[in-house]
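Undergrad: One predicted model, sequence on top.
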Amino acid sequence: MDYYDLGYALGSSISAASMVVSMLISLAVTVVIVIGQWKVYEKAGEPGWAAIVPFYSQYVLFKITFGNGWLFLLMFVPCVNFVIMIIAWFKLATAFGKGTGFGFGLWLLNAIFICILGFGDATYVGINKSNN
């Protein structure tokens, strides 16, 4: 084995190790986010396990934010999905008694702010039906 082969083997193993570490960190962050979302759903009076069911999770989120879970079907419409999700994040902030700044946080730094809602002392105050 010459130096080139040794360098290539070392580089490959470092690359593989960094990929494994990266995947483990991603998995840990995802688990924390799902647990935070689970807590948010429970605070809103919905089943927490809904956070782990793919489409039902969105249905419950829209039920909490808009009062009508079936509006999640708008997520399948291109371009509309982006706008409706931003509105949903702001409505989620309002549903927990938070302001517009927190809504921006949910939109731009979703993972952090979902955990703040879930693990923090925020309480679900409901939605304002007149603003739907």
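TA: Nice, I can see it.

Undergrad: where's residue 79 relative to residue 93, distance?
TA: With distances defined as Cβ to Cβ, to the nearest Å, the gap from residue 79 to residue 93 amounts to 23 Å. In this view, the C-beta of every residue, glycine as well, is placed from N, C-alpha and C.

Undergrad: of these two, who's got more company?
TA: Taking neighbours as other Cβ atoms under 10 Å, residue 79 and residue 93 compare with residue 93 leading, 23 against 7.

Undergrad: secondary structure class for that one?
TA: Assigned by DSSP: H, G, I helix; E, B strand; the rest coil, the conformation of residue 93 is helix.

Undergrad: residue contacts, it?
TA: When contacts are counted by Cβ atoms under 8 Å, 6 or more residues apart in numbering, residue 93 touches 99, 100, 102, 103, 105, 106.

Undergrad: Most neighbours among these, please name it.
TA: Using other Cβ under 10 Å as the contact criterion, the top neighbour count among these goes to residue 106, which has 24 neighbours.

Undergrad: Just give the closest residue to that one, not the sequence neighbours.
TA: residue 89 (3.9 Å; Cβ to Cβ, 6 or more residues apart in numbering).
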